[in-house]
Structure formats: structure tokens, C-alpha cells
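In: 3D, please:
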Amino acid sequence: MSILAVFRSRSQSLDFAERLNGYGIAAETVAAPKEAKIGCGLCVRFEEKNFPRVRAILKIGKYTTFKGFYKMDFSLGKQIVFPYGK
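Out: Sure thing, here's the model as predicted:
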């Protein structure tokens, strides 16, 4: 499953994706799903298995516009997005 890191700033979204890739974590900047009604329009998508490392990297980056983590899932053919914070 995919996890989204949502920011209120496009530049911080782009920076965070680049930082994750630099740490060897596959991440990409994607449009925030409209169902979520969150953020600046961009978010960073990565695989759930990397969540512990991503959370640690977020803390050292001091991202001031970080809004939260969200999980993307599909149910009955519809995309659903909900807060995630294991």
C-alpha cells in the first residue's frame, strides 16, 4: 500500500521527495488526491514498508509545513484516503 506525506508547501513536498530518494527510499511527488481535500496539491508517495525510516527522516528535516501521513486504499472500486500514523 502507498502512504502519502502531505505538506502545505509545494517546495517542501519536492524537497522531501528528493531527500527520501537520496536516502535510497523510492518516493515520488504526486498530485494529492481530491478525495483527501488536503495540502497544496502535491504530496510525496512511498511504500508502507518504508514508513519507519520516512518518519525518522522527516524529523531530521524540520519540515514546518508537514500536515500528516495518509494511507491510500481502494474499496469497491473507489479510492479512499485516511489519516495514517502507526
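In: L58 and L76, how far apart?
Out: L58 sits 32 Å away from L76, going by C-beta to C-beta, to the nearest Å. C-beta coordinates here come from the backbone N, C-alpha and C atoms, glycine included.
In: who has more neighbours, the two?
Out: Neighbours per residue, other C-beta atoms under 10 Å: of L58 and L76, the larger number sits with L58, 17 against 5.
In: what helix or strand is that one on?
Out: L58 belongs to helix 51-61 when elements are defined using DSSP states H and E.
In: what is the rounded mean pLDDT of that helix?
Out: If you average the pLDDT over helix 51-61, you get 95.
In: quick one: contacts of the helix or strand following that helix?
Out: Read in the C-terminal direction, the helix or strand following helix 51-61 is strand 66-75, with elements assigned using DSSP H and E. Contact partners of strand 66-75, identified using C-beta atoms under 8 Å, 6 or more residues apart in numbering, comprise 1-8, 12, 33, 36, 38-39, 43, 45, 48, 51, 55, 58, 79-85.
In: cool, thanks, talk later.
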